[in-house]
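> Sequence isn't available, so here's the structure alone:
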């Protein structure tokens, strides 16, 4: 008997290193996602309120994630991370997921500077610019969307996020995704 598999092959999963802001910083983004959805933007609820920083070749160990968190805090210094105007960041989903863009307020330009310096870490490919995702798009956003909220935060964590497109029968190129965010490692104070 032949059965149809309900899940795509494991290679269809995208592994991303993400910056997870403190929950207080995510509240205004949640509200903005709602206003984007109300403005008719498909994909406004298809991405968590995190910033993709890099595509991962493999899952980092807890120790490697700690090294990355320390390196990132060292490059940021003790100040706050602030978000600016809306921007798009290409997400490396591969052929299975098709082209996709994270849409949200852009974070500081030097955010990932020290992240790629420590040796002996999993292979990574930078996602640039770093944006706090509020939606996932297949192309440029339409005109007339509400501007992003002012967001700043000091407390944040790094985590691995696995992102997978959800395929529905007869659908091609949809904006439905499921994700799982692994155990976070907080950036040192």
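Great, that's in hand. Because the structure is a prediction, the values reported are computed rather than measured.
> And the pLDDT at residue 98?
On the pLDDT scale, residue 98 is placed at 60.
> wait, residue 169
At residue 169, pLDDT is 54.
> How about residue 76?
pLDDT recorded at residue 76 is 81.
> Just give the number of residues close to it.
20 (other CB atoms under 10 Å). Bear in mind the C-beta positions are built from the backbone N, C-alpha and C, glycine included.
> swap in residue 61?
11.
> Just the buried residues of stretch 82-101, please?
For stretch 82-101, a neighbour-count test (16 or more other CB atoms under 10 Å) marks 83, 86, 87, 88, 89, 91, 92, 93, 97, 100, 101 as buried.
> What ranges does the protein have for its strands?
Assigned by DSSP state E, the chain shows strands spanning 14-21, 51-56, 81-91, 100-107, 124-126, 135-137, 152-153, 156-165, 177-181, 185-186.
> any low-confidence regions in this protein?
1-12, 94-98, 109-120, 167-176 (pLDDT under 70).
> can you rerun that using 50?
Low-confidence segments of the chain (pLDDT under 50): 1-11.
> residue closest to the middle of it?
Central residue of the chain (CA atoms, centre = their mean): residue 52, 3.1 Å from the mean position.
> Residue 23 versus that one, what's the distance?
18 Å (CB to CB, to the nearest Å).
> and the buried residues of stretch 82-101, which two are the farthest apart?
Using CB to CB, the buried residues of stretch 82-101 span at most 25.4 Å, a distance reached by 83 and 97.
> What is the burial count for the closest residue to residue 87 other than its chain neighbours?
Leaving aside its chain neighbours, residue 87 sits nearest to residue 106 (3.9 Å; criterion: CB to CB, 6 or more residues apart in numbering). The criterion is other CB under 10 Å. On that basis, residue 106 has 21 neighbouring residues.
> which residues touch residue 106?
Contacts were defined as CB atoms under 8 Å, 6 or more residues apart in numbering; by that measure residue 106 touches 83, 84, 85, 86, 87, 129, 130, 131.
> Who are the contact partners of the third one?
Contact analysis of residue 85 by CB under 8 Å, 6+ apart lists 105, 106, 147, 148.
> Tell me the one of those nearest residue 156?
The closest of these to residue 156 turns out to be residue 105 (CB to CB; 14.2 Å).
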